[in-house]
Each structure stands twice: as structure tokens, then as C-alpha cells.
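Participant: give me a 3D structure for the following:
(one chain, ligands or ions: 1)
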Amino acid sequence: MTSSSNEGYSTEKVRVSADFLKSKMGNVKPKIGIICGSGLSGLGEVVENKIVVKYSEIPSFVESTVPGHKGQLVFGQISGKDVVCMQGRFHPYEGYPGWVVGFPLRVMKLIGIEMVLATNAAGGINPEFKVGDFMLIKDHISFTGLAGYTPLVGPNDSSFGPRFPPMNDAYDKNLRTLFKQCASDLGYDDFMRDGVYCNVFGPSYETIAELRLLLKLGGDAAGMSTVQEVVTARHCGIKVIACSLITNECILEYDTDKTVCHDEVLQTANDRAHQMQTLVTNSQTSRTHWQPLHCS
Ligand SMILES: O=P(O)(O)O[C@H]1O[C@H](CO)[C@@H](O)[C@H]1O
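Facilitator: Numbering: from 1, shown residues only. Presented below is the predicted three-dimensional model:
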């Protein structure tokens, strides 16, 4: 598998995976997909009447190799609405080509998903951000994409979307407004931010000089995921909303002993899991009602 080919993206392979999942979903007909970021698998725990499908069972799915990512799909209901939840995602640094990272989104398209809520753990670059803040993503800078690593490389399958999809509207404006309103209704204004997510390849965290560059370029947070999913989803017409949990401070100063590690990322995710779950659960029930308004 190389990042310069997309042989696995054949419509046939996506259809085989989707048909397999349809045979497992029972009466669940989700229009909403949720992707759990590092340490945020707990979002899948709030799903009621769970039907769990391990990635290892699903044709063409690969393994989730990162601690904090369970590696299974959970079908069921949140607040009475059918959802499918990805407990674990695939990252470029795990050695997968872009199409593998995006593959679950095409499968989601074929099982009927119309809207995806992606979550992730990210380092806070914006000096005003605090560890534990939520950042609703309003835009991204994809260093991986700009460098040529993208899920859409290779021949375009126009049954999914156009050769040249726009990305200026990647993060749905109306859904963002509704999500923020929901956060406000919950009293989360103090730690709800919005900003630009910088996608870096990883797995090493950034140097101080790199982070200073990202800050200068307008980045608010750094992470190693999400944009390949977003690009794949937008290409095939799935609406996207994405929220980062700021799990750690990005170190922008030389004169410090501070550092960053994945255990800190998982610890912050664990500390904030409850609020993230409440936000996701309430955004299905409160007056913001995204599904009936936007996924009818
Ligand atoms: O983006 P998620 O999957 O939440 O995970 C983030 O946390 C890990 C680094 O600690 C990286 O995988 C980074 O992308």
C-alpha cells in the first residue's frame, strides 16, 4: 500500500464493507456518524442498545493501533436517534495510505450517513487556550494534504464526488452555530472556543520552531488526524462538524522543562470525557436539534 495509489477505493470494496455492516445493523438506520478521538471512546459508551462490530470483522477495515482507540463500530441510539460511532480511527502515521484513513467515511456514505461529528485530541497553540478547552473547528490547515498526502489521490471515483471538491465550506456553518448554542445552553461558554486545526503528520510532536510557524500561519491547535476524514466526507457530500479537545499545551518557549506525552493527552481526555459526552448527547436533544433540521 502506498500513499500514491488508491487501489482500495474501488466502489466494489466499499460496497462489500457497507453490505456487511448493513447485515449487522438490524433496525438501526443511522444518519449521524460520530468519530471518537484519542481517549474519547467513552462517547460510544453513551450509545443505547449497542450493536458492536469489531474492525477486524469488517472487510477492508484495518486495525486501530493507537492507545485510546478501541477499534470498533457501535450502532445504536443517542437520545433516541440512530447513530454509528467509530471507537477508534486510523492515522497516517500508523503507516496507512490516505485512502485507508478515509475508507470508513465512504462506507458510512453507503450505509446512509448524512452528517459526521468528528472529535479529536489536539495541542493548544493559541496562547489564550487552556488545557481542557473544547475547540469547535472552523477551518483547517492540512500540512499533510499540502505535502501530497490526501485520501483523494489517484483516479477519482465520480460516483462518490467530483475530482476537485471545494473545502472552503468543510465545516458546516449552520451546524457550528447550533453546536455552539447547545454548548452555551449547557453553560460551557467558558471553555468553548473555535479555531483553526493544523494537521501534522506525526507521530513526533512538534518542535518549538514548528509550533511558532503554525501560530504565525493562523493555527490554533495541532493534531495528527481528522482532516483526511473530513476531506473524504465532504467529497461525498457528508456534512461535517468537528470538535477538538485541547489536551495539552503546545510548548512555544525554549526556557522551560515542560514537555508533552500521549499519557497527558489521554489523562485530559479522561478528565473531560463527561462534558464531551454531555455535549454530544445534548446536541441531539436540545432545541438545536441538528438531525431533524439538517439530515431529514
Ligand atoms: O487525533 P486523535 O486521534 O484524537 O489523537 C491525537 O492524539 C495522538 C497524540 O497524542 C495523535 O494520534 C493525535 O492525532
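
Participant: can you list the low-confidence ranges for the stretch 51-200 of the chain?
Facilitator: The model of the stretch 51-200 of the chain has no residue with pLDDT under 70.

Participant: what segments of it are helices?
Facilitator: 98-111, 143-146, 173-185 (DSSP state H, counting those that start in this stretch).

Participant: contact residues of the stretch 1-150 of the chain facing the ligand?
Facilitator: 37-38, 66, 89, 91, 120-121 (C-beta under 6 Å from any ligand atom). (C-beta placed from N, C-alpha, C; glycine too.)

Participant: picking up where we left off before, out of the helices of the stretch 51-200 of the chain, nearest to K130?
Facilitator: K130 lies closest, by C-beta to C-beta, to one member of the helices of the stretch 51-200 of the chain: helix 173-185, at 15.6 Å.

Participant: which secondary structure elements does the closest one contact?
Facilitator: Packing partners of helix 173-185 (3 or more C-beta pairs under 8 Å, 6 or more residues apart in numbering; DSSP states H and E): strand 134-142, strand 192-199, strand 239-249, helix 262-282, helix 290-294.

Participant: in that helix, what's buried?
Facilitator: The neighbour-count check on helix 173-185 (16 or more other C-beta atoms under 10 Å) flags 175-176, 178-180, 182-183 as buried.

Participant: go through those and name the one nearest the ligand.
Facilitator: F179 (17.9 Å; C-beta to the nearest ligand atom).

Participant: surely that closest one meets V240?
Facilitator: No - checked against C-beta atoms under 8 Å, the pair F179 and V240 is beyond contact range at 11.4 Å.

Participant: so who does S225 touch?
Facilitator: Residues counted as contacts of S225 (C-beta atoms under 8 Å, 6 or more residues apart in numbering) are 37, 89, 91, 120, 199.

Participant: backbone phi and psi for the first one, please?
Facilitator: As for G37, its main-chain torsions (degrees, to the nearest 10) stand at phi -80, psi -180.

Participant: next one: it from T268, what distance?
Facilitator: According to C-beta to C-beta, to the nearest Å, G37 stands 11 Å off from T268.

Participant: what do you get for the fourth one?
Facilitator: Per C-beta to C-beta, N120 is found 12 Å from T268.

Participant: what's the answer for the last one, then?
Facilitator: Distance, N199 to T268, using C-beta to C-beta: 20 Å.

Participant: which one's more surrounded, the two?
Facilitator: Comparing N199 with T268 by other C-beta atoms under 10 Å, the one with more neighbours is N199, at 26 against 20.

Participant: ok, the more buried one - contacts?
Facilitator: By C-beta under 8 Å, 6+ apart, the contact set of N199 is 140-145, 223-228.

Participant: buried ones in stretch 134-148, by neighbour count?
Facilitator: Neighbour-count burial for stretch 134-148 flags 134-145 (criterion: 16+ other C-beta under 10 Å).

Participant: got it, and stretch 264-278?
Facilitator: For stretch 264-278, burial by neighbour count (16+ other C-beta under 10 Å) applies to 264-266, 268-269, 272-273, 275-277.
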